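Colleague: I'll drop the sequence and a predicted model, then ask my questions.
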Amino acid sequence: MEKSCSLLIHFDKSTPAIANEIKEALEGNDVDAKIDAMKKAIMLLLNGETLPQLFITIVRYVLPSEDHTIQKLLLLYLEIIEKTDTKGRVLPEMILICQNLRNNLQHPNEYIRGVTLRFLCRLNETEIIEPLIPSVLQNLEHRHPYIRRNAILAVMSIYKLPQGEQLLVDAPDMIEKVLSSEQDPSARRNAFLMLFTCAQDRAVNYLLTHVDRVSEWGELLQMVVLELIRKVCRTNQREKGKYINIIISLMNAPSSAVIYECAGTLVSLSSAPTAIRAAANTYCQLLQSQSDNNVKLIVLDRLNELKSSHRDIMVELIMDVLRALSSPNLDIRRKTLDIVLELITPRNINEVVLMLKKEVVKTQSGELEKNGEYRQMLIQAIHSCAVKFPEVASTVVHLLMDFLGDSNVASAIDVVVFVREIIETNPKLRVSIITRLLDTFYQIRAARVCSCALWIIGEYCLSLSEVESGIATIKQCLGELPFFSVSEGTEPTDPSKKTQQATSVTVSSRRPAVLADGTYATQSAASETAFSPPSVVQGSLASGNLRSLLLTGDFFLGAVIACTLTKLVLRLEEVQPSTVEVNKATTQALLIMVSMLQLGQSSALPHPIDNDSHSRIVLCIRLLCNTGGEVRKIWLQSCRQSFVKMLSEKKLRETEELKAKAQVSNAQPDDLIDFYHLKSRKGMSQLELEDEVQDDLKRATGEFVKDGDDANKLNRILQLTGFSDPVYAEAYVTVHHYDIVLDVTVINRTKETLQNLCLELATMGDLKLVERPQNYTLAPESSKQIKANIKVSSTETGVIFGNIVYETSNVLERTVVVLNDIHIDIMDYISPAVCTDGAFRTMWAEFEWENKVAVNTTIQDEKEFLEHIIKSTNMKCLTAPSALDGECGFLAANLYAKSVFGEDALVNVSIEKQTDGKLSGYIRIRSKTQGIALSLGDKITVKQKGGN
C-alpha cells in the first residue's frame with residue numbers, strides 16, 4: 001500500500017515535469033519560476049517520485065527566500081518528503097531545516113509564524129521538534145490571536161506524540177492558564193480541545209467551574225463542550241445529571257449547529273420524557289428555520305429515530321412535523337409523510353387528514369412540475385389513514401374522486417384502488433360513492449383506472465336505479481355502434497378515426513409483464529399510459545373515453561367492459577320485475593360485445609384481439625344467452641368474496657408486521673434493579689429524577705441488553721493460517737454497511753522474537769483498503785490484535801487475500817506466510833424488504849440485468865424449496881400465503897430485498913413438480929446493477945441443493 005499523506009493535489013500526468021528543469025528554475029532568481037517549480041516538485045513527490053537530488057538545491061536556494069508563497073510551499077515540501085531512513089532514524093540532512101524552522105517561529109511576520117506552527121502539527125519526528133519547543137511556547141503569549149491559536153494546536157500535537165509527555169511535561173498547566181486569560185474564541189476553543197484530548201479531568205473541572213457562563217461562550221467552544229459531555233457521560237453514567245442541565249441551558253444558543261448537537265447529545269444520554277420532548281421540539285424548530293434541503297433531510301432522519309424509540313412523545317408533535325410539507329422537495333415530503341403515518345392516533349387523525357386534504361387541493365394549482373407525483377404521495381397517505389381509521393373516509397373519498405381523471409396515471413390508479421377498498425370497508429358510503437363514480441366516469445382517461453372503476457360498478461351497483469345508471473354510463477362512454485364501418489375498415493374517411501388510428505400505431509407496443517403470481521403475460525403499453533383527448537372537435541369527448549381506448553387496441557379493457565355488463569345484466573334480472581326491460585338490456589349488452597369482437601378481427605386496427613380477451617368476451621356472450629343458477633352465483637358473489645378475503649389477508653399481514661416490529665425485551669436473570677422510590681432525592685432536579693426512572697425501567701425490561709448474538713459471533717471467525725505455521729492467524733469479520741472491519745488475531749508460535757511483522761492485504765471486487773499496514777514486533781509465544789478497515793462501494797461478492805511477512809533475528813531474509821482467502825458474502829449487504837405488487841412489476845420491467853438460474857435440487861416439496869431459498873437469500877416473500885396454499889404441483893412466488901446501498905433485488909421463483917417427484921423450473925433474478933444479479937445467482941446456485 002502507498003504511504004498515508006496529509007496533502008492531496010490534482011496532478012495532470014500527461015505533462016510530467018523534468019527534475020533538471022525544476023532544479024534550474026529553483027536556482028534562478030525569478031520568484032514566479034521558483035513558485036511554479038516548487039509546485040511541480042510537490043506534485044511529483046505526491047505521485048510517487050523521489051527526487052533525492054532536489055533537497056540540497058532547495059536548502060541552498062529556497063530556504064533563504066523571503067517570499068511568503070515560497071515559504072508556504074517549502075513547508076508543504078518538507079511535510080511530504082521522507083525524513084527517516086529504513087530503520088526509522090531521522091536523516092542527518094534534516095538538521096539543516098531545524099534552524100530555518102526556528103527562525104520562522106521568531107519571524108516578525110505573523111503569517112510565517114502561523115503556517116510554521118501549523119506545519120509542526122503534522123510533524124512526527126521528535127528529533128526535529130525537540131529543539132523548537134522553546135520557540136513554540138513563546139508564541140503562546142504572542143499579541144496576535146492567529147499565532148496563539150496555532151501555537152496551542154502545535155503544543156497539543158507535540159504532547160500527543162509517543163514521547164510528548166517527556167518533551168512538554170507541564171503542557172496542560174500552561175494551556176489551562178492560557179484558557180483562563182484568553183479572549184479570542186478560536187484560541188479558547190483550541191485550548192479547551194487540548195485539555196479535553198490530553199487532560200480530560202482539567203477540562204471537566206474548568207467546565208464545572210464556569211458552568212454558569214457556558215451559554216455565553218462562542219459556538220466553537222460550545223461544540224467541544226458537548227463532545228466532552230458525551231465522552232464523560234459514556235464512561236461515568238452516574239454523573240450525567242449535572243451535564244444534562246448544561247445541555248438544556250445550551251438549547252437556547254443562537255447557533256443552529258449547537259442546538260442540533262444539543263438535541264443529539266440529549267437523546268443519546270437520557271430517556272427522560274422531558275429531555276426527549278426538548279430534543280424533539282428542537283428538531284422541529286430546525287425543520288422550520290433551516291432552508292437547506294440536506295439539513296431538513298438529516299433532521300427528519302433524527303425525528304424518525306425518535307419516532308421508533310419514543311413514539312408517545314412524537315405523537316404530540318405530529319402537526320409540527322407536518323409543516324415540513326411546505327418544502328417543494330419531494331424527498332423531504334416523502335420522509336415527512338412516512339414519519340407522520342406512523343404517528344397517527346384517534347386523537348389527531350382529523351387534524352392530519354384535514355392538513356393532507358388542503359395539500360391535495362394545493363396541488364391542483366399546477367405551479368410545480370412535480371405536483372402529480374406529490375399528489376400521488378398524498379393520496380397514498382390519505383388511503384393509509386382511511387384504512388386505519390375508517391370513520392375519516394367519508395370526509396376524503398369524494399374529494400379524491402375528483403382526481404380519477406388525473407393526467408398522472410399512477411395518481412389516478414391510487415385513487416381508484418382507494419375507492420375500491422373504502423366502498424367495501426364502509427358500507428354506509430356505498431351509495432354516495434357509486435353515484436359520484438357514475439357521474440365522473442366519463443372523465444377517466446387511463447385504461448387501468450377504467451378497468452378498476454368498471455369492476456367497482458359491476459360489483460357495487462345493487463339497486464335498480466344504480467344498475468340502470470351503470471349500463472347507461474357504459475353505453476354513453478362507448479358511443480354509437482358499430483365501432484367501425486366497412487368503408488372505414490378499408491379507407492377511413494372520418495378524421496376522428498384517423499386520429500385514433502394514428503394514436504394506436506404510436507402507442508400500442510407489446511412487451512412481457514410479470515403478473516401477481518409470477519407468470520409472464522403480454523400486455524399492451526396502451527394500458528400503461530393515458531391517452532391524450534383527440535384534438536379534433538367532432539366526436540372528441542362525445543365519442544366517450546371507453547371508445548377512444550378501445551380504438552387504440554386495448555382489448556383487455558374490452559374484456560373488462562364485457563364482464564361488467566354481464567354482471568349488471570345478471571343483477572338487473574334480480575331487481576327488475578319487467579322481463580321486457582331485462583331482455584332489452586341483454587340485447588344491448590350482446591350487441592356491444594359482438595361489436596368489440598368485430599373490431600378486434602377487423603383490419604381497422606394494427607393488431608388483432610388477443611386470445612385471452614377474445615375467450616373472455618365469448619364467455620360473457622354465452623353466459624347472457626344461457627344463464628344458470630350456479631354460474632350466476634359465481635359471477636355475482638364469488639368475485640366480491642375473493643376481494644373481501646384479499647383485504648382481510650392484507651390487514652392480517654400488516655398486523656403481523658407491526659407485532660414483529662414491536663421490540664421484545666427481556667431482563668437478564670442476574671440484572672441489578674434499583675427501586676427509585678427508595679433512593680435519596682436530595683439535590684436531584686425533576687429531569688435527573690425522570691432520567692433515573694427511565695434508566696431503571698430500561699434495565700428492568702432488558703433494553704440495555706445489546707442485540708449482538710454471541711452464539712453467531714463464533715460462526716464469523718475465519719482461520720487464515722494452518723496450525724503448523726510458525727504464525728497462527730484468525731480473523732473476526734464485522735460488516736457494517738459501507739465498512740468491513742477485520743479483527744485479526746496473530747499468534748507467534750515460535751520461541752523467537754518476530755520483528756517487522758506486517759499483515760499485507762489486497763482485495764478483489766469493489767473493496768478498498770483504507771489504512772497503511774504497520775510493522776509490529778511479536779515476542780515468543782505472544783499474540784497481537786491487528787485491525788484492518790475496508791471500504792465497500794457496491795453489493796458484490798468480494799475477496800480479501802494477503803500474507804503475513806516477518807523477520808527473525810537469525811535469518812536476514814523475510815519469511816512470508818500466505819493467508820486463506822476471505823470471501824465477503826452478499827448476504828451481509830441485503831435485508832428483506834417490502835414493496836407493492838405494482839412497484840415490483842414496474843421495477844421488473846425497468847431493470848435490465850437478469851440472471852436466470854435453473855432449479856437443481858434434491859428437495860421434492862415446492863413450499864419447502866421456496867422456504868429454503870428465502871432463508872438462503874435473506875429475502876422477503878411478497879406473494880401472499882393464501883396464494884401458495886393447496887397442492888397443484890406448480891408454485892410461483894416473488895421475493896424482494898434491498899441492499900444497504902439502496903439497490904433493489906427482485907427474484908421470481910417458478911417451479912413445477914415432475915411426474916418422477918423432482919422439481920424443475922427457473923429462478924429469475926433482476927436488478928439495476930450487474931453485481932447484485934450475479935452475486936445473488938451464485939449464492940442461489942450454491943445453496944439450492946438443500947445443503948447449508
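Modeller: That came through fine.

Colleague: and the helices in the stretch 651-800 of the chain?
Modeller: Ranges of helices in the stretch 651-800 of the chain, per DSSP state H, counting those that start in this stretch, are 686-701, 710-713.

Colleague: ranked by average pLDDT, which of those helices falls at the bottom?
Modeller: Across these, helix 710-713 has the smallest mean pLDDT, namely a mean of 56.

Colleague: run through who's touching stretch 135-151.
Modeller: 102, 105-106, 110, 113-114, 117-118, 120-121, 152, 154-155, 158, 174, 178, 182-184, 186-187, 190 (Cβ atoms under 8 Å, 6 or more residues apart in numbering). Heads up, the C-betas are built off the backbone N, CA and C, glycines and all.

Colleague: show me which of the residues you listed are buried.
Modeller: The neighbour count (16 or more other Cβ atoms under 10 Å) marks 102, 105, 113-114, 117-118, 120, 152, 154-155, 158, 174, 178, 182, 186-187, 190 as buried among the contacts of stretch 135-151.

Colleague: among those residues, which are in helices?
Modeller: Per DSSP state H, helices hold the following members of those: 102, 105, 113-114, 117-118, 120, 152, 154-155, 158, 174, 178, 186-187, 190.

Colleague: identify the farthest-apart pair in the residues you listed.
Modeller: Arg102 and Ser186 (25.2 Å; Cβ to Cβ).

Colleague: closest to Arg926 among the ones in helices among the buried ones among the contacts of stretch 135-151?
Modeller: Among those, and counting by Cβ to Cβ, the member closest to Arg926 is Arg118, at 53.3 Å.

Colleague: settle this for me: the closest one is touching Asn190, isn't it.
Modeller: No - assessed by Cβ atoms under 8 Å, Arg118 is found out of contact with Asn190, at 11.7 Å.

Colleague: okay, and the common contacts of the two?
Modeller: Residues touching both Arg118 and Asn190 comprise Leu153, with contact defined as Cβ under 8 Å, 6+ apart.

Colleague: could you pull out the helices for the stretch 401-550 of the chain?
Modeller: So, for the stretch 401-550 of the chain - with DSSP H, counting those that start in this stretch - the helices run 409-425, 430-440, 447-460, 464-478, 486-490, 495-507, 545-550.

Colleague: which of these sits most buried?
Modeller: helix 545-550 (a mean of 25; mean count of other Cβ atoms under 10 Å).

Colleague: kindly export it (C-alpha atoms) in PDB.
Modeller: Taking Å, rounded to 0.1, in the frame of the first residue of the first chain, the C-alpha atoms of helix 545-550 are listed here in PDB:
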ATOM      1  CA  ASN A 545     -63.400   7.500 -23.100                       C
ATOM      2  CA  LEU A 546     -64.000   3.800 -23.400                       C
ATOM      3  CA  ARG A 547     -64.500   4.100 -27.200                       C
ATOM      4  CA  SER A 548     -61.200   6.000 -27.600                       C
ATOM      5  CA  LEU A 549     -59.300   3.500 -25.600                       C
ATOM      6  CA  LEU A 550     -60.800   0.500 -27.500                       C
END
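
Colleague: now do it, average pLDDT.
Modeller: Rounded mean pLDDT across helix 545-550 is 86.

Colleague: out of the helices of the stretch 401-550 of the chain, nearest to Arg716?
Modeller: Across these, closest to Arg716 is helix 409-425 (Cβ to Cβ), at 43.1 Å.

Colleague: and that closest one, what does it pack against?
Modeller: On a contact count with 3 or more Cβ pairs under 8 Å, 6 or more residues apart in numbering; DSSP states H and E, helix 409-425 meets helix 371-388, helix 393-400, helix 430-440, helix 447-460, helix 639-661.

Colleague: figure out which of those helices is closest to Pro726.
Modeller: Short answer: helix 639-661, nearest of those by Cβ to Cβ, at 50.2 Å.

Colleague: ok, Ser809 - how many residues close by?
Modeller: By the criterion of other Cβ atoms under 10 Å, Ser809 has 9 neighbours.

Colleague: which residues are in contact with it?
Modeller: 752-753, 755.

Colleague: how about 7 Å then?
Modeller: The contact partners of Ser809, by Cβ atoms under 7 Å, 6 or more residues apart in numbering, come to 752-753.

Colleague: helix/strand/coil for Leu51?
Modeller: Here Leu51 is coil, with the state taken from DSSP: H, G, I helix; E, B strand; the rest coil.

Colleague: does it touch Leu45 like I think?
Modeller: Yes - Leu51 lies in contact with Leu45 (Cβ atoms under 7 Å); the separation is 6.3 Å.

Colleague: out of the ones in helices among the buried ones among the contacts of stretch 135-151, the closest to Met319 would be?
Modeller: Looking across these and measuring by Cβ to Cβ, the closest to Met319 is Ser186, at 40.9 Å.
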